[in-house]
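Trainee: Mind looking at a prediction? Sequence and model below.
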Amino acid sequence: MGEPIYLAVKKELKNRIKIGVYKSGEQIPSERELSELFNISRMTARQAVNELVNEGLIKREKGRGSFVSSPQFLQKNIRSFTETLLEQGHEPSTKLIEFCTVYNLKEISMKLGEKPDTNYYKIKRLRFANLVPVALETVYIPKYRCEKLEDYDLETSLYNILEDYGYIIQSVSCNIDACLSSRPIMRTFDVSKPVTLLKVEGVNYTINGEKLFYEESYYRSNLYKYHVDINRR
């Protein structure tokens, strides 16, 4: 026996979502339109859409129709952004916005236990998932830790680059706050209205317990989630 028709239609719709024919937040054709498009019954079209609803790819809105869901990405442990998305079957990409040397960052030097006059690399990057901007990340790392960092492709995994210098990230101590996007961040994320963000500030530690770099990142809260386990002492 061949594959059920509704599953074949489901796969085709899923592929169209993947390649961007139907983009995140856009309405997909109605059951009537799908039945005409694929020459199937409306019941079969409904079954195919139901499958995608159950998988979280489609959401129904009463009185409006069916829409492509905004994907959500879950961070549960110490993984690079690239590893996190690949592990969940998504396509990560990065745009380097700013790379420079900065000085006199006394507050950051205090958090990292560095001298007040330490020079830092500032690495500001926009992170994408399936071509959708989901995070704005700024990292400050002492220059003496990784000289000639400019020789690397900073649109790849920073964790992998740091491993070339002998550093393996073991833990992160961070604060997570909710905030609204400022106008500059709205422009960066290409949104017309303020959106709720998760602001993550923290220090990344190596496997040897060294404070390696300070990070300040903004994640779109409707697209990115943090999972935290809290134990009673």
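Mentor: Yep, that arrived.

Trainee: for residue 26, what are its contacts?
Mentor: Residues in contact with residue 26, defined by Cβ atoms under 8 Å, 6 or more residues apart in numbering, are 67-68. (Each C-beta comes from the backbone N, C-alpha and C, glycine too.)

Trainee: Then residue 131?
Mentor: Here residue 131 is in contact with 20, 91, 93 (Cβ under 8 Å, 6+ apart).

Trainee: Now distance to residue 131, secondary structure and pLDDT too, for these, in CSV please.
Mentor: CSV is the format used below for these (distance: Cβ to Cβ, whole Å; DSSP: H, G, I helix; E, B strand; the rest coil; pLDDT from 0 to 100):
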residue, distance to residue 131, secondary structure, pLDDT
20, 8, coil, 75
91, 7, coil, 76
93, 7, strand, 88
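
Trainee: Out of the residues you listed, who's the most crowded?
Mentor: If you count neighbours using other Cβ atoms under 10 Å, the busiest of these is residue 93, which has 16 neighbours.

Trainee: picking that back up, can I get the contacts of residue 131 in TSV with distance to residue 113?
Mentor: Converted to TSV, the contacts of residue 131 look like this (distance: Cβ to Cβ, whole Å):
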residue	distance to residue 113
20	46
91	37
93	34
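
Trainee: any idea which of those is closest to residue 194?
Mentor: Set against residue 194, the nearest of the contacts of residue 131 by Cβ to Cβ is residue 93 (24.8 Å).

Trainee: Alright, that wraps it up for me.
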